[in-house]
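> Below are the sequence and a predicted model; questions follow.
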Amino acid sequence: MDFIEKGFYQLDSNGIFIPMNGRSIATKFDDAIQDDLFKLEDSSWWFQYRADVIKELFLKYCDKNSPVFDIGGGNGYTTSVLKRSVDIGGVIEPSYKACINAKRRKIDYVICDSICEDSPKETLDQVMLLDVLEHIERPEEFLQNVYKVVKANGHIIITVPAFMSLWSSEDVMAGHFRRYRYGELIQIVKKAGFQIQYASYFMGFLYFPVMFVRVWGEKLGLIKKTFSRTKEEKEKVMKQQFINKSKGVHMILSMAERLERKRIKEGKRILFGSSLLVVGRR
């Protein structure tokens, strides 16, 4: 792996690559949140569906025989799903706790770091930034640094939450700086130097539920804002949003997912959704 072999990293006792210079790495999520997500991801339809969409994009636009690194890959869920179908490079993640969890998912190369100006240049064949940019205060600068570490003709897949009209206390709690519109994301990806191969909203079937339940529910006082919930209430909401579905809702979701994935596979653009994606090339 070129990224590792440049001499920037050393292997620690947990099998995780850490920076040789010992620099500190900022992360938005504490250990407790990473463990909560780790417990949730394998049974979450949302994480499963996003991974399925990323797989479709990868097989259509990227090189399945060139390794892909998941930057900000968290606990390694998506990477663990993709490794059944594509060549996985590994996970690059600033949270050490998440790196430990990624190793538990049998990811071979886990690097506890983030991409910055000092990262080794042109060393990654392909990268993913899955719901990462919204956590970064200066995304233009970050994307430019990502561009520098990707090899010529390498690919990038990006997902972000969409529309500031869907902003709620959930975004604040998650440490988001913004939600994106189509044109905004396209602009900063192009400005970083990437050529756009495909871009679209997705999870269109969640736009109105998020608007009515999260946004208007909070505004009308029908549901508590995230900061006002007890630990038990937060766990209940997470299960309601990501896991627990009645048979009828499950059938509707499955149908909506199949239709959306079909459009994405055909390269057709979806006009709105709770999330947004871009496939680019260096």
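Thanks, I have it. Numbering: from 1, shown residues only.
> Please, where are all the helices along the stretch 51-200 of the chain?
77-82, 96-104, 139-149, 169-173, 182-192 (DSSP state H, counting those that start in this stretch).
> And the strands in the stretch 1-150 of the chain?
Here the stretch 1-150 of the chain has its strands, by DSSP state E, counting those that start in this stretch, at 9-11, 17-19, 68-71, 88-92, 110-111, 124-130, 150-161.
> So what's the model's average confidence on the third one?
Averaging the model's pLDDT scores along strand 68-71 yields 95.
> quick one on the thing from earlier: most tightly surrounded among the helices of the stretch 51-200 of the chain?
helix 77-82 (a mean of 24; mean count of other C-beta atoms under 10 Å). In this view, the C-beta of every residue, glycine as well, is placed from N, C-alpha and C.
> buried sites along stretch 258-278?
By 16 or more other C-beta atoms under 10 Å, the buried positions in stretch 258-278 come out as 260, 261, 264, 270, 273, 274, 275, 276, 277, 278.
> Assign the fourth one to helix, strand or coil.
On the three-state scheme (DSSP: H, G, I helix; E, B strand; the rest coil), residue 270 is labelled coil.
> my guess is it meets residue 201, correct?
Yes: Residue 270 is in contact with residue 201 according to C-beta atoms under 8 Å; the separation is 4.8 Å.
> residues in contact with residue 57?
157, 198, 264, 277, 279 (C-beta atoms under 8 Å, 6 or more residues apart in numbering).
> nearest spatial neighbour of residue 122, skipping sequence neighbours?
Closest residue in space to residue 122, ignoring its immediate chain neighbours: residue 151 at 5.0 Å, by C-beta to C-beta, 6 or more residues apart in numbering.
> er, residue 65 actually
residue 87 is the one closest to residue 65 (C-beta to C-beta, 6+ apart), at 5.7 Å.
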